[in-house]
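> 3D, please:
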Amino acid sequence: MKPFVILILLAFASNLSQAQISATITGTVTDSIGTPIAEANVFIASSMVGTTTNANGEYRLSGIPLGTLRLVVSRIGYEPSYLDLFIRNAQVYTHNFQIKEKIYELGEVTVASDNRRWQRQLERFTTIFIGESPNAQQTVIMNPQSLDFSSQGGDFRAQASEPLIIENRGLGYKLTYFLNEFIAEPNSWRWDGEPLFETLTPSSPEEAAQWNARRDSAFYGSFRHFLLSVINDQVENQGFKIYSRPRSNQMVRDPRGGASSSQDNRFPIKASEILQAGVNDDERVLDFEGFVDIVYTLEVESNAFLRLQRRSGRARFQTSTIRLDRGPTLVDLKGDTLDPYGVTFYGGYFAYERTGDQIPKEYRPWIQGDNF
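Coordinates of the predicted model:
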């Protein structure tokens, strides 16, 4: 997804001014009997905001934009914990965590450098979890030895004994990924986990420019870009078209990111038909029945996507299908959902671009000019 020259500054000016008003979150992390836990990771999921607790188990996160977020606490040897929050005011919030010890159970495969079966399973996990896009091809899990794999009734599962350190040389990020669960079923994939982002240091000005261009490209046409377009009533100007598909239509989730259904029996809808006003001025509610197709008309499918689908012929506009498996979901004005897993991707580009194409939630192309 490459950027298109469009005027968006005015459309999003109100959101940017709100994002510049920030809050602070403080608190403590203790174990089940109240003993402070030092060096626990406390961070905002999918962002670049994080810290560790001190010797007294205390933490402090500053400069947090208003809106929805998932506050995560993780420490090796303990069960992770999180809170989904909607930060509405520029003030100090206090959230304390009490986490339980975790017993890590190894699966059926013993990790060893010469274990061919483990190596094959690592390759399978990497393909699914990181993805198969050009950016994914430049993304490496630096500590794969922390992964353990098992199979249960046809399901392929993975767990990690420590956070995964992932280096993405395509986009210029280091991810510390706290993986809680990974399950690959025959017809679908799902995983539960949260990344914390850091920027890598470019080796040259040329590499820095490449990273900036690719980050912009990863944003344009993404689900976050789509939500911001809907919130600001800029859907067509931003290159999107929305179609509704009745729930009764056949829909098979394609985990490889391919087209999951035909274009039969779908009809165009307006943004107002899927996004309504919330109880407060700073929130919206994403609510619709059945499936929604999102077409991004400013970019066609990439050659890598077509090769993955083994599809010949002319490339089409990038299309994704979404559904609300958990019912209506709350959205803030920054394009973040209160429930990070409230929207399910059923094939298409949103499913094709996975961890290897993730960028931090705070990334915005239109405010990055000073960094170019």
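
> Is it correct that Pro65 is in contact with Ile44?
No. Contact criterion Cβ atoms under 8 Å: Pro65 and Ile44 do not qualify, at 9.3 Å. Any C-beta I mention is one placed from the backbone N, CA and C, and that applies to glycine too.

> And the strands in the stretch 1-150 of the chain, which stretches?
In the stretch 1-150 of the chain, the strands defined using DSSP state E, counting those that start in this stretch lie at 22-30, 41-44, 50-52, 58-65, 67-74, 81-87, 92-94, 97-98, 139-141, 147-152.

> I'd like the ones you listed as CSV, with mean neighbour count and mean pLDDT appended.
Output for the strands of the stretch 1-150 of the chain, formatted as CSV (neighbours: other Cβ atoms under 10 Å; pLDDT from 0 to 100):
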stretch, mean neighbour count, mean pLDDT
strand 22-30, 19, 97
strand 41-44, 24, 98
strand 50-52, 16, 98
strand 58-65, 18, 96
strand 67-74, 24, 96
strand 81-87, 17, 96
strand 92-94, 12, 98
strand 97-98, 19, 98
strand 139-141, 20, 98
strand 147-152, 17, 90
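
> how about TSV for these, with distance to Phe223 added?
Compiled in TSV, the strands of the stretch 1-150 of the chain are given as follows (distance: least, Cβ to Cβ, whole Å):
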stretch	distance to Phe223
strand 22-30	24
strand 41-44	18
strand 50-52	23
strand 58-65	18
strand 67-74	14
strand 81-87	18
strand 92-94	27
strand 97-98	29
strand 139-141	19
strand 147-152	27
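
> Out of the ones you listed, the one nearest Val300 is which?
Val300 lies closest to strand 139-141 among these, at 23.6 Å (Cβ to Cβ).

> Quickly run through the sheet partners of that closest one, with directions.
strand 164-168 (antiparallel) (DSSP bridges).

> Could you identify the helix or strand that succeeds the partner strand?
Next along the chain after strand 164-168, taking DSSP states H and E as the criterion, comes strand 173-185.

> So for the very next helix or strand once past that next one, what gets flagged as buried?
Using DSSP H and E, the helix or strand that follows strand 173-185 in sequence is strand 188-199. Residues of strand 188-199 classed as buried: 189, 191, 193-197 (neighbour count, 16 or more other Cβ atoms under 10 Å).

> and which of the residues you listed is nearest Asp336?
The shortest gap between Asp336 and any of these belongs to Glu194, at 13.4 Å (Cβ to Cβ).

> got a pLDDT number for the nearest residue to that closest one once chain neighbours are set aside?
Distances taken as Cβ to Cβ, 6 or more residues apart in numbering place Ala45 nearest to Glu194, at 3.9 Å, with adjacent residues excluded. Looking at Ala45, its pLDDT stands at 96.

> What is the burial count for Ala45?
For Ala45, the neighbour count with other Cβ atoms under 10 Å is 20.

> show me what contacts it?
By Cβ atoms under 8 Å, 6 or more residues apart in numbering, the contact set of Ala45 is 69-72, 82, 194-196, 340, 361.

> Tell me the buried residues in the helix or strand containing Ala213?
Ala213 is located in helix 205-219, with elements delineated by DSSP H and E. By neighbour count with 16+ other Cβ under 10 Å, helix 205-219 contains the buried residues 208, 210-212, 214-219.

> Kindly reformat these as JSON lines and extend each row with distance to Phe350 and pLDDT.
Output for those, formatted as JSON lines (distance: Cβ to Cβ, whole Å; pLDDT from 0 to 100):
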{"residue": "Ala208", "distance to Phe350": "28", "pLDDT": "97"}
{"residue": "Gln210", "distance to Phe350": "24", "pLDDT": "97"}
{"residue": "Trp211", "distance to Phe350": "22", "pLDDT": "97"}
{"residue": "Asn212", "distance to Phe350": "23", "pLDDT": "96"}
{"residue": "Arg214", "distance to Phe350": "18", "pLDDT": "97"}
{"residue": "Arg215", "distance to Phe350": "17", "pLDDT": "97"}
{"residue": "Asp216", "distance to Phe350": "18", "pLDDT": "96"}
{"residue": "Ser217", "distance to Phe350": "15", "pLDDT": "95"}
{"residue": "Ala218", "distance to Phe350": "12", "pLDDT": "95"}
{"residue": "Phe219", "distance to Phe350": "13", "pLDDT": "96"}
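
> from these, which is closest to Gly313?
Of all those, Gly313 sits closest to Ser217, with 23.8 Å by Cβ to Cβ.

> Sketch out the low-pLDDT regions of the stretch 251-372 of the chain for me.
Applying pLDDT under 70 to the stretch 251-372 of the chain picks out residues 251-264, 366-372.

> Helices of that one, start to end?
All helices of the stretch 251-372 of the chain, identified by DSSP state H, counting those that start in this stretch, fall at 303-309, 349-352.

> Need the CA coordinates for the longest one. CSV is fine.
Meaning helix 303-309. What follows is helix 303-309 as a C-alpha-only set of coordinates in CSV (Å, rounded to 0.1, in the frame of the first residue of the first chain):
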residue,chain,number,x,y,z
ASN,A,303,2.7,-9.0,-7.1
ALA,A,304,3.6,-10.8,-3.9
PHE,A,305,0.0,-11.0,-3.0
LEU,A,306,-1.0,-12.4,-6.4
ARG,A,307,1.8,-15.0,-6.3
LEU,A,308,0.7,-16.1,-2.8
GLN,A,309,-2.8,-16.6,-4.1
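
> Thank you, goodbye.
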